[in-house]
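1. return a 3D structure for these sequence lines:
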Amino acid sequence: MADHPPGSDPEGIVLTFLVPRELAGLRLDRFIQNRIPRLSRTRANAIVRSCAFMADGRRRRPAERVKDGEVVLLVRPHFEEPETPLYFGVVYEDDDVLGVDKPSGLPMHPTATYHRHTLTYLLREKYGDPTPHIAHRLDRETSGVVVCGKHIDAERGLKRAFEDRRVKKTYQAIVRGVIEDDEGRIEVPLAHVREGLHVLMEVREDGYDSRTAYVVEERGPAHTLVTLHPETGRQHQLRVHLREIGHPIVGDKLYGPEREQPFLDFIDTGMTPDLEARLGHDRQALHAHSVSVQHPIRDETLDILAPLSPDLVKLWMRLRGSAGP
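-> So this is what the prediction gives:
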């Protein structure tokens, strides 16, 4: 863990960001925007002005250029974080690669709301320095496989594989309704909505090419357990595609039968018994089941798997035997 720089809040939270070679030369605020998901340039600039320090306590400026291999320090004022699972499983590990089974509810990276209650922080606590670096992303509510590089060369190799789409991923989901075909393919273009909640995606003719293959694993009276093979990687792709064919994921607050209304209700009231009954589960029933990727150092392919999470096993056992919500 990095020490608190002189002059910073001794109760504050110290965030450290190692500058990789490919980001060297960026302005400091641009670098921070790159490292913290969904951060605007204006917000990144403000964070640097209020929170960025040199190790000796000197303040940093947004326009400074970062250097390859340096560690950028941010000191955030102490704040109370929402409760999350504070554990993760290990499903694969060697000297270069770590495969994590992330529980639902655990965020990947620090945000305005979470810091210690994140997978990034838990990895640092368990492994120290060098800390394994996450090579891709999962939504907070999605459980399952996360692949990490245990040193900088492994991290770069894995990230390139994900960026170049040289990775095969499978997901499992519990959806509403009975899917009739044993397998199929969904091909509809996706784009960000033009109005409304900015996080939403929609089917649109001028959208990006988006393809998902699926295989039915098991059917219940009113639900289906399905394995999904995304052939492209658009935001919320699996969730929107399943809704488009009339089988939204159980528990989805944005793309279920009520559209985004459950999400707005959740922001106002949290997860109430009434809201959970409307959704069918307290989180989206989506699990990252496997990742197949070229090992970043050795000449071999890694197949990393995480079994369906316990809460979804329990949900499916219940829905398989009843008409359910």
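
2. give me the number of residues near Val167?
-> Using other C-beta atoms under 10 Å, the number of residues around Val167 comes to 18. C-beta here means a position set from N, CA and C on the backbone, and glycine is covered the same way.

3. what pLDDT does the closest residue to it other than its chain neighbours get?
-> Nearest residue to Val167, sequence neighbours excluded (C-beta to C-beta, 6 or more residues apart in numbering): Val293, at 4.7 Å. For Val293, the model assigns a pLDDT of 97.

4. give me the number of residues near Arg137?
-> 13.

5. same check on Asp29?
-> Asp29 is flanked by 24 other residues according to other C-beta under 10 Å.

6. returning to what we had before: the residue nearest to Val167 is in contact with Glu300, isn't it?
-> No. Counting by C-beta atoms under 8 Å, Val293 does not reach Glu300; the two are 10.4 Å apart.

7. coming back round to it: strands paired with the strand or helix carrying the residue nearest to Val167, and their directions?
-> For Val293, the host element (DSSP states H and E) is strand 286-294. Taking DSSP bridges as the criterion, strand 286-294 forms sheet pairs with strand 143-149 (parallel), strand 168-176 (antiparallel), strand 301-305 (antiparallel).

8. against which helices or strands is whichever helix or strand comes after the shortest one packed?
-> For strand 301-305, the following helix or strand on the C-terminal side (DSSP H and E) is helix 310-320. Counting contacts by 3 or more C-beta pairs under 8 Å, 6 or more residues apart in numbering; DSSP states H and E, the secondary-structure elements packed against helix 310-320 are strand 168-176, strand 223-230.

9. which residues touch the residue nearest to Val167?
-> 147, 158, 161-162, 166-168, 301-302, 304 (C-beta atoms under 8 Å, 6 or more residues apart in numbering).

10. any chance of these in CSV, plus distance to Gly220 and pLDDT?
-> Formatted as CSV, the contacts of Val293 follow (distance: C-beta to C-beta, whole Å; pLDDT from 0 to 100):
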residue, distance to Gly220, pLDDT
Val147, 32, 98
Leu158, 37, 97
Ala161, 36, 96
Phe162, 34, 94
Arg166, 36, 94
Val167, 31, 96
Lys168, 28, 97
Thr301, 34, 97
Leu302, 33, 97
Ile304, 29, 98
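
11. please check those residues and keep the buried ones.
-> 147, 158, 161-162, 167, 302, 304 (16 or more other C-beta atoms under 10 Å).

12. any chance of the residues you listed in TSV, with distance to Glu125 too?
-> Converted to TSV, the buried ones among the contacts of Val293 look like this (distance: C-beta to C-beta, whole Å):
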residue	distance to Glu125
Val147	19
Leu158	22
Ala161	27
Phe162	25
Val167	27
Leu302	25
Ile304	22
